[in-house]
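Undergrad: have a look; sequence and predicted model below, questions after that.
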Amino acid sequence: MKKDKLHNINSSGFKAPKDYFESFDEKLMQRLENETSFSKVESPGFKTPEAYFDTIEDSVLNRLNTKEQTPVISLFRSKKLYYISGIAASLLLLFAVFINQSNTAEISVEMVENYFIESDLDTYDLAELLTQVEVLEEDFKITETTYNEDNLEEYLLENADIEAILE
């Protein structure tokens, strides 16, 4: 209910006298020109002790320095903390380097065969790869296997699409 009444107030309740802002400067200047108001004051009413401003700095500093400074003993010595954190960081680095090493020198023939089968490389792509990389005979171990004709014939009958070959 009070909120509704606050929204309906049109005036703030403060009013300035008529021509206040227009004549204020003039009235102030007239008062300053009239020295009679200042001549009535014989003393300002405030007195400072002798040599007050000369001694105030020393008295303030004495009051500020009266607090006893207690020695602060830190729980962690900074040098020890630096040494310990350096050792921990080096151990972490050693573990990260040596544990995550993968042995890439041992790639089996089966892995290479699976790569060629799954990557759908045609003969042109394979020939391009072989010309880009130096292929050494020492890198390949050719194993001689003896195939039995019966096994080959059985494999071809089971896995080969004879209709595609005949076309």
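TA: Nice, I can see it. Values in this document were obtained by computation on a predicted structure and should not be read as measured data.
Undergrad: in the strand or helix carrying R31, what counts as buried?
TA: Per DSSP states H and E, R31 falls inside helix 20-33. For helix 20-33, burial by neighbour count (16 or more other CB atoms under 10 Å) applies to no residue. Where you see a C-beta, it was placed from the backbone N, CA and C, and this is true even at glycine.
Undergrad: check the offset of that helix from the chain's centre.
TA: Here helix 20-33 is found 61 Å from its chain centre; the criterion is CA atoms, centre = their mean, to the nearest Å.
Undergrad: and it, what's its mean pLDDT?
TA: For helix 20-33, mean pLDDT is 82.
Undergrad: where does I117 land in three-state SS?
TA: Here I117 is recorded as helix under DSSP: H, G, I helix; E, B strand; the rest coil.
Undergrad: who are the neighbours in contact with it?
TA: Not one residue lies near I117 by CB atoms under 8 Å, 6 or more residues apart in numbering.
Undergrad: may I have stretch 14-28 exported as CSV, CA atoms only?
TA: C-alpha atoms of stretch 14-28 as CSV (Å, rounded to 0.1, in the frame of the first residue of the first chain):
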residue,chain,number,x,y,z
PHE,A,14,11.6,21.2,-1.6
LYS,A,15,11.2,24.6,-2.9
ALA,A,16,13.8,27.4,-3.6
PRO,A,17,12.8,31.0,-3.1
LYS,A,18,11.9,33.0,-6.2
ASP,A,19,14.9,34.3,-8.2
TYR,A,20,17.3,32.5,-5.8
PHE,A,21,19.7,31.2,-8.4
GLU,A,22,19.7,34.4,-10.4
SER,A,23,20.4,36.8,-7.6
PHE,A,24,22.6,34.6,-5.3
ASP,A,25,25.9,35.6,-7.0
GLU,A,26,25.1,39.3,-6.7
LYS,A,27,24.1,39.0,-3.0
LEU,A,28,27.3,37.1,-2.2
